[in-house]
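Trainee: build me a model from this:
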Amino acid sequence: MRGRKPKPTALKLISGNPGKRALNAHEPQPGADLAAPPVWMTERQKATWSEVVELSPPGLLKDVDASVFSVWVIAFDLYQEASEKLARTGMLIKAPNTGVPMQSPFLAIVNRQAQIMLKAAAEMGFTPASRSRVVVKRNTTIDDPWHDIAGG
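Mentor: Got it, this is the predicted structure:
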């Protein structure tokens, strides 16, 4: 798809729809929040999944995002593992047959996983630039002591 990524309808409404283009009245509304990690993940991946879900703003990650989030979690796990091995071996290793210095294969893995992580992170609103375009509805209740003062 060419051009700029479409702006979410909620963001258009907040900014006053400056382009005056028709709003998508049928934009899908994802269901439940993202919960438990898939059973097939490793323990380390499950721990990362749970930690990031807990640290994410409420309502940001939905169950429909599980596949993209899984890609990010696995890429992050592989990135960590390859980074640890790269720190032990260094960026250059000796070629097995010739002994000539060559780039560590872990460096290529680190670089590739970083690309995957950044792409998935941007899709989910994890990067600073993409986060500025995300709108998360705050859950305020009548029990809020500031409700009447704030004009809610």
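
Trainee: so residue 48 makes contact with residue 76?
Mentor: Yes. Residue 48 is within contact range of residue 76, at 5.9 Å (criterion: CB atoms under 8 Å). From N, CA and C alone the C-beta is placed, and that goes for glycine too.

Trainee: pLDDT of the helix or strand containing residue 116, averaged?
Mentor: Secondary structure assigned from DSSP states H and E places residue 116 in helix 105-124. Model confidence over helix 105-124, given as mean pLDDT, is 94.

Trainee: for the remainder of this discussion, apply numbering that starts at 454.
Mentor: From this message on, residue numbering opens at 454, which makes the last subject helix 558-577.

Trainee: show residues contacting that helix.
Mentor: 513-514, 518, 521-522, 524-525, 528-529, 531-532, 535-536, 538-539, 542, 544, 579-580, 582-583 (CB atoms under 8 Å, 6 or more residues apart in numbering).

Trainee: buried subset of the residues you listed, written for ChimeraX?
Mentor: Of the contacts of helix 558-577, the buried ones can be selected in ChimeraX as follows, counting by 16 or more other CB atoms under 10 Å:
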select :513,514,518,522,524,525,528,529,531,532,535,536,539,579
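
Trainee: tell me the secondary structure for the residue lying farthest from the centre of the chain?
Mentor: Going by CA atoms, centre = their mean, the residue of the chain most distant from its centre is residue 551, 41.9 Å out. The three-state assignment at residue 551 reads coil, by DSSP: H, G, I helix; E, B strand; the rest coil.

Trainee: residues contacting it?
Mentor: Contacts of residue 551 (CB under 8 Å, 6+ apart): none.
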